[in-house]
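In: A predicted structure for the sequence below; I have some questions about it.
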Amino acid sequence: MQLSELLAPERVRVPLQSKDKAGLLRELATLMAGSVGGDAADILKAVEEREDVLSTGIGFGVAIPHGRTPSVPDLAMVAGVTSEPVAFEALDGAPVRVLFLLVGPERSAGEHCKALSRIARLARSDTLRNQLLQATSGEEFMRALAEAEAS
C-alpha cells in the first residue's frame, strides 16, 4: 500500500490554522469529513480517545493521530503542516509541525497498521521531513511523499 493512494492534494492543508493540539485534531477531523465523508464529531471522538491512551506524536516533529470509526467507510488519510511548532505531548517531548490523520472502520485494522508503520518509517527521513515542511501546497506535499515512496 502506498500512502499516496490514501492521500490527495485536496486532503492536505498547508498551512494548518490551529495553534494547539485540540484545534489541530478538530481541524484535521473536519478536513477528513469534508473530503472523504463521515461525521467530523465521530472522527474527532475516535482520534481523541486514541490520543488519551498515548500521544501519537512519534517524534521528529511528526504526529500520526489515528482512530477507528464506522463513520468513515474505508481507511482514509488527511495531512497538514503547521506554520509554527505546536506542543503535542510527543514521545520525544518536541513540538510537531507535520501531521497525518488516519481513520477507518474496524474492518480496516490490518491496512491501518500497515499505513501507520509506513508513515513512521518515512518520517525518519530528514530529507522528506524537510520537503514536507517546505511544501506550500497540497500538490508539493504529495509530490514529496510520492518521491519518498518511490525511492
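Out: Arrived safely, thanks for sending. Residues are numbered from 1 along each chain as shown.

In: tell me which residue is most central in the protein.
Out: Centre of the chain computed as the mean C-alpha position; nearest residue by Cα atoms, centre = their mean is residue 100, 0.9 Å away.

In: what's the least confident helix or strand in this structure, going by average pLDDT?
Out: helix 3-6 (a mean of 90; mean pLDDT, DSSP states H and E).

In: list the buried residues in stretch 117-127.
Out: 118-119, 122-123 (16 or more other Cβ atoms under 10 Å). For the C-beta atoms, the positions are set from N, CA and C on the backbone; glycine is no exception.

In: what mean pLDDT does it get?
Out: Mean pLDDT, stretch 117-127: 94.

In: and the contacts of it?
Out: 1, 3, 58, 60, 62, 64, 98, 100, 102, 128-129, 145, 148-149 (Cβ atoms under 8 Å, 6 or more residues apart in numbering).

In: cool, and stretch 11-20?
Out: Contacts for stretch 11-20 (Cβ under 8 Å, 6+ apart): 23-24, 26-28, 31-32, 35-36, 76-84, 86-87, 99, 135-138, 140-142.

In: got it, and stretch 79-97?
Out: Contacts of stretch 79-97 (Cβ under 8 Å, 6+ apart): 7, 11-16, 18-21, 24, 27-28, 31, 55, 57-63, 98-101, 132-133, 135, 141.

In: restricted to helices, list the residues you listed.
Out: Cross-referencing these against helices under DSSP state H gives 21, 24, 27-28, 31, 132-133, 141.

In: any chance of the residues you listed in CSV, plus neighbour count?
Out: Output for those, formatted as CSV (neighbours: other Cβ atoms under 10 Å):
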residue, neighbour count
21, 22
24, 23
27, 21
28, 29
31, 21
132, 26
133, 16
141, 25
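
In: before we move on, the earlier item: can you select the buried ones from the contacts of stretch 79-97 in PyMOL?
Out: Applying 16+ other Cβ under 10 Å to the contacts of stretch 79-97, the buried members can be selected in PyMOL as follows:
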select buried, resi 7+11+12+13+14+16+18+21+24+27+28+31+55+57+58+60+61+62+63+98+99+100+101+132+133+135+141
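
In: parallel or antiparallel, list what pairs with the lengthiest strand in the chain.
Out: Secondary structure of the chain read by DSSP state E shows that its longest strand is strand 76-86. Using DSSP bridges, strand 76-86 pairs in its sheet with strand 12-16 (parallel), strand 96-104 (antiparallel).
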